[in-house]
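# sequence and predicted model, in that order:
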Amino acid sequence: MDKKNTFNGLRKRERETRKDVIVDAAERVFALKPFNRVNMRDIAGEAGISPASIYRYFPDQQTLFVEAFLRGAKEILGILGDIIDKNGELCIENAAEEFIDYLTVNDQYFRMMTHFMLDGSLSDESLESLNRHERSLIDQFDNLFRRVMPDSNPRLLSHAFFAAMNGILITFRDYPGRSREEVSCHMKLIGRMIAKMLRREITSPEQEILP
């Protein structure tokens with residue numbers, strides 16, 4: 001066995017492990033502190049390293065934030081993929097519930113997602129990475145609607161579904177005077193209602209949509 005390749009592979013795995021430790025720390029900080037108040041010193045303290053050490057793995061704070069968000073995006077894609085693999089008329093309702101539930105339990109991902117949607121200061125590379133993963137998410141929704149409503153316009157329905165689910169989370173996630181469980185149940189109920197409405201909608205294939 002080539003020792004050089006072995007050691008190179010070991011160094012690469014060690015580097016990826018250290019990056020994972022930093023991203024793990026970033027996620028824990030995001031879960032406890034408002035996103036716009038998090039800085040590299042907070043994350044370094046949580047990870048047990050110096051702030052300067054983080055820059056050996058992430059060139060700037062923005063890149064680290066994007067990396068943390070993409071981890072959550074991949075998990076959502078996996079959850080939706082499992083739902084799509086299951087047959088049944090209610091899979092749109094299930095997708096609505098799972099999407100809302102995931103972003104309620106993992107609130108830091110939702111806060112990151114809305115931050116990136118509203119913040120136009122991302123670098124071209126970070127923006128392209130986020131757009132690529134968002135397109136993958138919309139593609140999963142397309143697959144969902146094709147399965148349930150093969151004669152529909154899947155991309156238009158996917159955009160409506162994505163916008164509606166995010167709207168539910170923005171409107172009700174901090175609803176006053178209700179427990180976290182009550183809020184979650186209410187949001188999922190509304191999500192199921194919207195899913196049923198979309199399932200009944202007949203969309204003209206001639207309608208234009210964004211790519």
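Ah, there it is. None of the values given here were measured: they were computed from a predicted structure.

# before we move on, what SS does P150 have?
coil (DSSP: H, G, I helix; E, B strand; the rest coil).

# what is the neighbour count of it?
Using other Cβ atoms under 10 Å, P150 has 8 other residues around it. Where you see a C-beta, it was placed from the backbone N, CA and C, and this is true even at glycine.

# quick one, phi/psi of the closest residue to A44 other than its chain neighbours?
Residue nearest to A44 in three dimensions, not counting chain neighbours: P51, with 4.3 Å by Cβ to Cβ, 6 or more residues apart in numbering. Torsion angles at P51 (phi, psi; degrees, to the nearest 10) stand at phi -60, psi -40.

# same thing with the one 10 residues further on?
Dihedral angles phi and psi of Q61 (degrees, to the nearest 10) take the values phi -60, psi -40.

# please look at it and M40 and confirm they touch.
Yes: look at Q61 against M40 with Cβ atoms under 8 Å: they come within range, at 5.4 Å.

# so for the two, which residue has more residues nearby?
M40 (18 against 15).

# quick check: pLDDT value at the nearest residue to the more buried one once chain neighbours are set aside.
Closest residue in space to M40, ignoring its immediate chain neighbours: P51 at 4.9 Å, by Cβ to Cβ, 6+ apart. For P51, the model assigns a pLDDT of 88.

# on that earlier part again, contacting residues around the residue nearest to A44?
Shown in contact with P51 (Cβ atoms under 8 Å, 6 or more residues apart in numbering): 40-41, 44.

# okay, domains of the chain per the record?
Listed domain ranges for the chain are 1-58, 61-200 (source: automatic domain parsing).

# would you tell me which one of those domains is buried the most?
Greatest average neighbour count among these goes to domain 61-200 (a mean of 17), per mean count of other Cβ atoms under 10 Å.

# how far off centre is that domain?
7 Å (Cα atoms, centre = their mean, to the nearest Å).

# any idea how far apart the tips of that domain sit?
44 Å (Cα to Cα, to the nearest Å).

# my read is that L169 contacts M187, right?
Yes: counting by Cβ under 8 Å, M187 is a contact partner of L169 at 6.7 Å.

# what's the distance between the residue lying closest to K19 once chain neighbours are set aside and P176?
Excluding its sequence neighbours, the residue lying closest to K19 (Cβ to Cβ, 6+ apart) is Y57, at 4.9 Å. Remark: distance between Y57 and P176 (Cβ to Cβ, to the nearest Å) = 40 Å.

# same question, D142
On the measure of Cβ to Cβ, D142 and P176 end up 36 Å apart.

# where in this structure is pLDDT low?
By pLDDT under 70, the low-scoring segments of the chain are 1-5, 7, 87-90, 119-120, 201-211.

# tell me the SS of N36?
Relying on three-state DSSP, one would call N36 helix.

# which residue sits closest to it, ignoring its sequence neighbours?
Distance criterion Cβ to Cβ, 6+ apart; nearest residue to N36, sequence neighbours excluded, is H115 at 7.2 Å.

# and for Y109?
G72 is the one closest to Y109 (Cβ to Cβ, 6+ apart), at 3.5 Å.
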